[in-house]
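Participant: Dropping the sequence and predicted coords here.
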Amino acid sequence: MKKKNLKKVPKFKNEDDERKFWATHDTTEYYDLSKAVRVSFPNLKPSTVLTSIRLPAWLLNSIKGIANKKDVPAQSLMKMYLAEKVEEELKTSLRR
């Protein structure tokens, strides 16, 4: 099997530059994934920040109703919806 010539990973000014780079480049051109090893971080906890947001009563009631139908906590559903929308927005802004 012929060994693939790998490209050199550039130096990044910050995490945003690195994130934009990897969103548009193929990792396999830079790393030999056949040498990858699975790692585990059993004690790693996602960092969360407490925030407060004022919502119209109708919106909160709608979210609670949807969450109830899906059998998930309303707060988890709100986080999921926010994450989906932010990811969508970030993908759109990268295409511009």
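Facilitator: All right, it came through fine.

Participant: so who does Ser93 touch?
Facilitator: With contact set as C-beta atoms under 8 Å, 6 or more residues apart in numbering, Ser93 has no partners. Backbone N, C-alpha and C define where each C-beta goes, glycine included.

Participant: And it, its phi and psi?
Facilitator: phi -70, psi -30 (degrees, to the nearest 10).

Participant: Do you know the pLDDT at it?
Facilitator: Predicted confidence (pLDDT) for Ser93: 81.

Participant: how close does it sit to Val86?
Facilitator: Counting by C-beta to C-beta, to the nearest Å, the gap between Ser93 and Val86 amounts to 10 Å.

Participant: same question, Ala74
Facilitator: Distance, Ala74 to Val86, using C-beta to C-beta: 19 Å.

Participant: Settle it for me: which of those two has more neighbours?
Facilitator: In terms of neighbours (other C-beta atoms under 10 Å), Ala74 is the more surrounded of Ala74 and Val86; the figures are 16 against 10.

Participant: How much space separates the more buried one from Leu90?
Facilitator: Ala74 is 25 Å from Leu90, by C-beta to C-beta.

Participant: what do you get for Val72?
Facilitator: Using C-beta to C-beta, we find Val72 at a distance of 24 Å from Leu90.

Participant: same question, Leu60
Facilitator: Counting by C-beta to C-beta, the separation of Leu60 from Leu90 is 26 Å.

Participant: do the same with Asn5
Facilitator: Per C-beta to C-beta, Asn5 is found 32 Å from Leu90.

Participant: what does Asn61 give?
Facilitator: 29 Å.

Participant: helix/strand/coil for Leu90?
Facilitator: Following DSSP: H, G, I helix; E, B strand; the rest coil, Leu90 is assigned to helix.

Participant: Count the neighbours of it for me.
Facilitator: Leu90: 12 surrounding residues under other C-beta under 10 Å.

Participant: One more: Leu33?
Facilitator: 8.
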